[in-house]
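> need a structure here:
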Amino acid sequence: MVPDLSERESRLLEALVHIVDHILCQPEYERGEEDDLIDTRSASYGERALLALERYGLANLCPPTLRLGQWTDAGQDLRRRVRQGRASEIFKYWLPRPSRPSSLQGPAYAPETALCIGEREVMLLEAVSSMAQTWRVPERTIQALAEYGLVELVMSGEYLGRWTAAGQKFEDWCFREAWAPFAKLYKK
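Predicted coordinates for the structure are as follows:
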């Protein structure tokens, strides 16, 4: 396991590994074994997941693009442990997309300060929340986001959570960060 993790960070990292293993990894049937490649599908949620896994030393990027990554030995070990412990979890729930900010301008917000966490953990939260908005995930994944106060657990149809005010601020920040390079282009 990755050293120096809090229990909730460890649970969130295991949730991301489980989701990536289930959604972004394809078995290598020709050789009869699992491939060690992660295919982000050129989607922002996949790229966020790959970058977070790389930051934790669980995956390597395969340049020149963010399309593919490769599990490291530590990533493969965690992947196997998570797979054994969570094999019966059903990918059943997801989170609704939060409402988007009306503009890219807004009050200064720093998730590291607001949530009292480090940059690495912010990347992990961003990856897990984007995967949970795009794909069905196990209940435990949404519970892990709730531990950070970003989501409150509320059953509503296929959704198992609702964004809290803190979660909406975090998602607004994620949105602004993703669009910041483009905003500069359009201001010309």
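> pull out the buried residues from stretch 76-88.
78, 79, 82, 86 (16 or more other Cβ atoms under 10 Å). In this view, the C-beta of every residue, glycine as well, is placed from N, C-alpha and C.
> one more: stretch 133-147?
In stretch 133-147, counting by 16+ other Cβ under 10 Å, buried: 133, 134, 136, 137, 138, 139, 141, 142, 143, 144, 145, 146.
> mind listing residues that contact it?
8, 11-12, 15, 18-19, 23, 43, 45, 86, 89-98, 125, 128-129, 131-132, 151-153, 158, 160-161, 167 (Cβ atoms under 8 Å, 6 or more residues apart in numbering).
> ChimeraX command to pick out the buried ones of the residues you listed?
To isolate the buried members of those in ChimeraX, using 16+ other Cβ under 10 Å:
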select :12,15,18,19,23,43,45,86,89,93,94,95,98,125,128,129,131,132,151,160,161,167
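> show me where this structure has its helices.
Assigned by DSSP state H, the helices in the chain fall at 7-23, 44-55, 73-86, 111-114, 119-134, 139-147, 165-186.
> could I get these in a markdown table, plus columns for distance to residue 63?
Output for the helices of the chain, formatted as a markdown table (distance: least, Cβ to Cβ, whole Å):
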| stretch | distance to residue 63 |
| --- | --- |
| helix 7-23 | 19 |
| helix 44-55 | 12 |
| helix 73-86 | 18 |
| helix 111-114 | 28 |
| helix 119-134 | 19 |
| helix 139-147 | 29 |
| helix 165-186 | 20 |
